[in-house]
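> Okay, sequence plus prediction incoming.
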Amino acid sequence: MTQIKKILAGGLFAYIIIALWQTILHPEVFLQALVLGLIFITLTGIAWILDEEKLKRAEMAILWICVGLFALYAILVAGGIA
């Protein structure tokens, strides 16, 4: 297992512990914690893609999704919506 896989797995484990604790303290955040947990599990799982070409395409897709969401947020803030 490479170092990045260990770091991702550790971060996922930490998030799950924090999400469980927050769900115990505030049950109303259960759905949000569940959805974000599933997203994190999916993104962490991408690190285990063995085909380098598929891994590169997945990483680039995630990068452009992040850039697009950041741009959308900037537009919403500039428009006074967010």
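Yep, that arrived.

> alpha carbons only for contacts and neighbour counts from here, please
Will do.

> Can you name the residues that contact residue 49?
residue 55 (CA atoms under 8 Å, 6 or more residues apart in numbering).

> Where does it sit: helix, strand or coil?
Assigned with DSSP: H, G, I helix; E, B strand; the rest coil, residue 49 falls in the coil class.

> tell me how far stretch 42-50 is from the chain's mean position?
Stretch 42-50 has its C-alpha centroid displaced from the chain centroid by 12 Å (CA atoms, centre = their mean, to the nearest Å).

> and that stretch, how far apart are its ends?
15 Å (CA to CA, to the nearest Å).

> in the chain, what spans have low per-residue confidence?
1 (pLDDT under 70).

> what's the domain layout of it?
1-48, 50-82 (automatic domain parsing).

> Deepest-packed of these, please.
domain 1-48 (a mean of 14; mean count of other CA atoms under 10 Å).

> mind checking how far that one is from the chain centre?
So, by CA atoms, centre = their mean, the centroid of domain 1-48 is 8 Å from its chain's centroid.
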